[in-house]
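Chemist: Any chance you can model this:
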Amino acid sequence: EERTSLLLIDFRTVEIYLVSGTMCQRPQIKEADKVTIPVVPTVDNKKALAPTHSRERNTSYDLFIFMAPALMWWATPVIPIFVTGIARVICTHLMLTLHYIFVDKDNYYNKLSQKQLKREKDDYLVGTMLHMWAQVGLQIMFPSMFFCDPSHIKTAAMHAFICHVAIVEPLYYTVHRWLHLIPQMKKMHGFHHLSINTLPSTSLVQNFHEHFVYIATFGPAFFVPWLFTFKMHWTIVAAYLVLFDAINAWGHTNVRLRHPIWNHKYSPLRYLFYTPEFHLGHHAYFSANYGLFMPIWDHLLGTYREYKKPDIKLAPKNKQDFVFIGHNGGFGHFLTCPEFSVYNVYDKYRRTFLPLEAEFLIVHFFVSIARLFMKCYKCSRFLVNNEKVARIICTVRSPWDFGSPKSYNAMNKEIVELMKDQHKTCGTRLFGLGNLNKMKQLNDGGSVVAELVAKDEYLKDKNIRVWTGDTMTSASVYNQVLDIPNLTEIFYIGATGKIGAAVISKLLKSRPDLKIKIFSRHHAFKHSNISYTDDLSDIKKYKVVLVGKILSPRYYDKAFAGSGSCETRFILDYTVPFIPIAAATKRQENIKHIQIGVLQTHANNSFLRGPFDVCMAHDQNCIYPCHFGCLMNMMEGRETNETGAVNPNDMDRLWNKAISHGFHNKIINYTC
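Modeler: Numbers count the residues shown, from 1 in each chain. Got it, this is the predicted structure:
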């Protein structure tokens with residue numbers, strides 16, 4: 001949880017005073033001496049927090065802002081500007097990707113808040129765009145600063161390096177200390193320190209006004225050489241900025257360097273080039289380690305403080321008690337993979353302007369290529385009840401495959417092969433099946449997979465368990481419907497599936513007066529309270545709609561077309577992935593399309609620790625019930641398969657278990 005407040009620093013005594021809490025949660029710090037922190041009377045948080053720290057930035061026009069320098073093509077060459085800008089964006093994302101893969105992926109203790117990710121995502125490229133516009137102006141005013149004769153590039157590069165060491169490093173140290181004075185901390189620099197745990201790109205997240213301070217601070221690296229020699233080239237400027245971003249990002253990583261070559265008091269590197277822990281010490285202490293890339297200025301001026309990031313004992317790399325076998329849900333799921341950007345892991349499912357079928361076909365093309373190089377995709381692992389380690393592993397299949405019956409045999413065999421590989425490498429014998437991996441047409445709710453496991457020469461005696469978790473999903477959906485006040489009728493799409501069958505079975509007993517209209521040509525239930533329709537436009541006659549099956553958007557477009565009356569106000573949708581129904585939400589009746597079939601918990605619930613909730617197109621601290629149901633099976637020591645039809649009689653017991661562990665449904669306001 002991010003807490004915003006203000007740290008006041010008196011540089012004469014280097015004492016730290018605390019106003020209204022702490023700006024960041026103080027990490028566990030290994031230090032020789034204790035620091036006395038006098039607490040002064042607190043002030044109102046709203047008064048201590050500058051407005052620039054609390055406003056959300058509108059990012060809708062970022063692409064236009066990034067491309068707009070092209071409009072100045074008539075006044076100055078714009079290719080150097082875009083080469084520099086694009087190179088910096090690529091460098092930033094490459095650092096994020098490498099840091100995630102090699103440092104953070106399996107560290108279930110280092111979980112960033114969704115709030116922090118959202119704030120940083122909105123701001124981490126602002127500096128790059130501002131620098132592009134600054135370069136436009138400088139190229140027009142001082143063209144020789146960017147376009148000297150190429151024969152002088154090597155000399156210009158050497159001059160830029162010398163000016164960085166001799167001017168930028170001490171200047172940054174001075175400016176950084178100035179930024180930690182009370183007025184500047186409130187107005188600008190506090191925004192950067194809101195990040196409790198840092199990412200490589202946290203280095204780029206600054207208050208808007210602070211970016212201009214840094215342009216003036218770093219500019220002398222190439223402005224001073226040009227001022228004295230009139231020889232500087234845009235390639236030097238571009239290389240400097242890209243290298244600067246990479247080294248700055250390095251200081252915000254979670255890499256630990258403990259070799260004496262970095263830390264010994266007689267090692268030159270200790271003073272000439274910083275380690276991530278040097279700058280993380282600044283985020284921990286605030287009044288120390290102000291230097292940019294060279295700690296020598298802190299050593300000389302008495303502001304250096306040793307900091308060691310606490311070593312965390314993680315479970316062995318091959319410990320993996322449970323695997324939830326997921327799948328790709330389309331283009332919107334691709335974008336939530338942290339390898340593309342960790343800032344996207346909690347994003348909602350995104351649609352393009354293309355029809356859904358076209359998106360699936362494009363994704364299928366890329367997945368087919370990926371299948372040539374990989375057998376599966378592994379998400380981050382997480383901890384269950386502080387004793388079991390679980391992970392989501394996805395098969396390399398697209399939604400298009402799940403609509404192609406000719407692929408079903410191969411897909412089921414691939415699921416079994418994945419189980420075999422994970423048992424051989426990690427000893428895993430407990431497996432759950434994600435949404436499409438257990439659909440009835442593919443394997444009859446996992447039954448076919450269980451049969452293949454029982455026949456496999458390697459797996460048949462390994463006590464492999466196959467779970468769908470559908471009992472928990474059914475319990476979640478059922479209890480969500482029970483919570484609707486004064487419900488007398490409901491329109492149900494997807495009621496004939498195994499979850500729908502279990503939900504309706506329970507509803508008919510607990511709500512004997514409830515009328516259910518099912519959208520289906522197949523009359524699976526014979527009951528006086530149940531009626532059927534094959535006309536989706538009947539949906540407009542019902543205030544509450546329950547959706548358990550993905551339909552093509554064109555069906556909803558037709559159903560909600562026209563300006564006639566529409567009674568629909570709530571569409572409760574438990575399909576995976578959750579895809580917005582644009583035709584409904586665009587109507588003037590203010591129809592609310594709400595994702596259900598998702599369990600929520602609080603941030604400090606220790607039952608699940610780590611990124612159990614990423615890449616799922618839902619919010620942080622949420623989990624799909626089928627996934628959670630499988631975890632419940634593991635913790636209960638279940639030694640039977642959970643496949644095929646759902647047993648309604650087991651729903652209440654599992655639901656009470658979920659509640660006891662602090663997980664519950666969304667609370668929905670049904671006031672129109």
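Chemist: can you give me the helices in the stretch 1-150 of the chain?
Modeler: 45-48, 62-67, 79-99, 114-123, 126-141 (DSSP state H, counting those that start in this stretch).
Chemist: Using CSV, please lay out the ones you listed together with mean pLDDT, mean neighbour count and distance to residue 352.
Modeler: Glycine gets a C-beta too; all of them are placed from N, C-alpha and C. Formatted as CSV, the helices of the stretch 1-150 of the chain follow (pLDDT from 0 to 100; neighbours: other C-beta atoms under 10 Å; distance: least, C-beta to C-beta, whole Å):
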stretch, mean pLDDT, mean neighbour count, distance to residue 352
helix 45-48, 40, 14, 40
helix 62-67, 93, 13, 14
helix 79-99, 96, 18, 20
helix 114-123, 92, 18, 19
helix 126-141, 95, 18, 24
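Chemist: And the ones you listed: which comes nearest residue 312?
Modeler: helix 79-99 (16.2 Å; C-beta to C-beta).
Chemist: Put the alpha carbons of that closest one into PDB.
Modeler: Extracted as PDB, the C-alpha positions of helix 79-99 are listed here (Å, rounded to 0.1, in the frame of the first residue of the first chain):
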ATOM      1  CA  ILE A  79      14.800  11.500 -38.100                       C
ATOM      2  CA  PRO A  80      17.500  12.000 -35.400                       C
ATOM      3  CA  ILE A  81      14.800  13.000 -32.900                       C
ATOM      4  CA  PHE A  82      12.700   9.800 -33.600                       C
ATOM      5  CA  VAL A  83      15.800   7.600 -33.600                       C
ATOM      6  CA  THR A  84      16.700   8.900 -30.200                       C
ATOM      7  CA  GLY A  85      13.200   8.700 -28.800                       C
ATOM      8  CA  ILE A  86      12.500   5.200 -30.100                       C
ATOM      9  CA  ALA A  87      15.900   3.900 -29.000                       C
ATOM     10  CA  ARG A  88      15.200   5.200 -25.500                       C
ATOM     11  CA  VAL A  89      11.800   3.500 -25.400                       C
ATOM     12  CA  ILE A  90      13.300   0.200 -26.600                       C
ATOM     13  CA  CYS A  91      16.100   0.400 -24.000                       C
ATOM     14  CA  THR A  92      13.600   1.100 -21.200                       C
ATOM     15  CA  HIS A  93      11.400  -1.900 -22.100                       C
ATOM     16  CA  LEU A  94      14.400  -4.100 -22.600                       C
ATOM     17  CA  MET A  95      15.700  -3.300 -19.100                       C
ATOM     18  CA  LEU A  96      12.200  -4.000 -17.700                       C
ATOM     19  CA  THR A  97      12.000  -7.400 -19.500                       C
ATOM     20  CA  LEU A  98      15.400  -8.600 -18.600                       C
ATOM     21  CA  HIS A  99      14.900  -7.500 -14.900                       C
END
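Chemist: helices and strands around it, which ones?
Modeler: helix 126-141, helix 234-250 (3 or more C-beta pairs under 8 Å, 6 or more residues apart in numbering; DSSP states H and E).
Chemist: can I get these in TSV with distance to residue 660?
Modeler: Formatted as TSV, these follow (distance: least, C-beta to C-beta, whole Å):
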stretch	distance to residue 660
helix 126-141	45
helix 234-250	43
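Chemist: of all the ones you listed, which lies closest to residue 81?
Modeler: Nearest of the helices and strands packed on helix 79-99 to residue 81, taken as C-beta to C-beta: helix 126-141 at 5.2 Å.
Chemist: just for the chain, where's the confidence low?
Modeler: 1-55 (pLDDT under 70).
Chemist: so who does the residue nearest to residue 220 when sequence neighbours are not counted touch?
Modeler: The spatially closest residue to residue 220, leaving aside those adjacent along the chain, is residue 167, at 4.7 Å (C-beta to C-beta, 6 or more residues apart in numbering). By C-beta atoms under 8 Å, 6 or more residues apart in numbering, the contact list for residue 167 reads 220, 221, 224.
Chemist: Residue 250 versus residue 167, what's the distance?
Modeler: From residue 167 across to residue 250, the span is 21 Å (C-beta to C-beta, to the nearest Å).
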